[in-house]
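Engineer: 3D, please:
(2 chains)
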Amino acid sequence: QKEVEQNSGPLSVPEGAIASLNCTYSDRGSQSFFWYRQYSGKSPELIMFIYSNGDKEDGRFTAQLNKASQYVSLLIRDSQPSDSATYLCAVNGGTSYGKLTFGQGTILTVHP
Amino acid sequence: EAQVTQNPRYLITVTGKKLTVTCSQNMNHEYMSWYRQDPGLGLRQIYYSMNVEVTDKGDVPEGYKVSRKEKRNFPLILESPSPNQTSLYFCASLGNSFPGELFFGEGSRLTVL
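Structural biologist: Have a look, this model is predicted:
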């Protein structure tokens, strides 16, 4: 089992819809969780982080964390074509703090 | 401007020819790390450094070396590059406050023939 696994893509949604991106992790001791966005040919940039169970909202983005299920998700409301990118889930802490582990990424396409 | 700078951005080399990819950050961050990115595999950590003189292996350290003699610099060394090291490499530094945001360099695309 991979340490951090994201739902296989690519994911395609129409403009204005909700995009749902999912991520599971294997290290139960993991402490903090991140979502990065990476446009083609660019470096990743941080969208959100979460470290407590529940929801965290920032504009059109909502991160959800369920430590019991070892599951973290990212919802993008009112999706825009500019949201089209690869989304990377990353997990820190656990048995080896400082070892930030990324999932393989989910490609999101928002079509007009 | 706060940034992570890595060089070279693009490099084509041949098998066995030693090369170094430099990385420098101006944000006074303690933690720095190297990743490689390959299609379908996401970002995989090569090495990381919690602070000066302390480095540790990530998930794919084979064939790579690093050093951290000063806080701002964290070079990645390929002593004898092989074609399976053809990849896109990112250097990153981690913000000092919890939970820490990773700041990435622009990436170095390396091709080993």
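Engineer: now name the helix or strand holding the residue positioned nearest the centre of chain B.
Structural biologist: In chain B, the residue lying closest to the centroid (CA atoms, centre = their mean) is B:Trp34, at 2.9 Å. Using DSSP states H and E, B:Trp34 sits in strand B:31-38.
Engineer: quick one: pLDDT of the residue nearest to the centre of chain B?
Structural biologist: pLDDT for B:Trp34: 96.
Engineer: ok, now which ones touch it?
Structural biologist: B:23, B:45-48, B:58, B:64, B:66, B:74, B:76, B:89-92 (CB atoms under 8 Å, 6 or more residues apart in numbering or on different chains). (C-beta placed from N, C-alpha, C; glycine too.)
Engineer: how much space separates the residue nearest to it when sequence neighbours are not counted from B:Leu113?
Structural biologist: Leaving out its chain neighbours, the residue that sits closest to B:Trp34 by CB to CB, 6 or more residues apart in numbering or on different chains is B:Ile46, at 4.3 Å. B:Ile46 sits 21 Å away from B:Leu113, going by CB to CB, to the nearest Å.
Engineer: what about these two, which has more around it?
Structural biologist: More crowded of B:Ile46 and B:Leu113, by other CB atoms under 10 Å in any protein chain shown: B:Ile46, with 24 against 10.
Engineer: which strand or helix spans that one?
Structural biologist: Using DSSP H and E, B:Ile46 falls in strand B:42-51.
Engineer: try A:Phe34
Structural biologist: Element membership for A:Phe34 (DSSP H and E) is strand A:30-38.
Engineer: residues of that strand that come out buried?
Structural biologist: Using 16 or more other CB atoms under 10 Å in any protein chain shown as the test for burial, strand A:30-38 gives A:30, A:32-38.
Engineer: between those, which is nearest chain B?
Structural biologist: Distances from chain B to the buried residues of strand A:30-38, taken as CB to the nearest CB, are shortest for A:Ser32 (3.7 Å).
Engineer: not counting its neighbours along the chain, what's nearest that closest one?
Structural biologist: With sequence-adjacent residues excluded and distances taken as CB to CB, 6+ apart, A:Ser32 is closest to B:Pro99, at 3.7 Å.
Engineer: and if you look at B:Tyr47?
Structural biologist: Leaving aside its sequence neighbours, B:Tyr47 sits nearest to B:Val66 (CB to CB, 6+ apart; 4.4 Å).
Engineer: how close does the one you found sit to chain A?
Structural biologist: With distances taken as CB to the nearest CB, to the nearest Å, B:Val66 is found 14 Å from chain A.
Engineer: looking at it, that residue is touching B:Leu76, isn't it?
Structural biologist: Yes. Applying CB atoms under 8 Å as the test, B:Val66 and B:Leu76 come out as touching, 5.8 Å apart.
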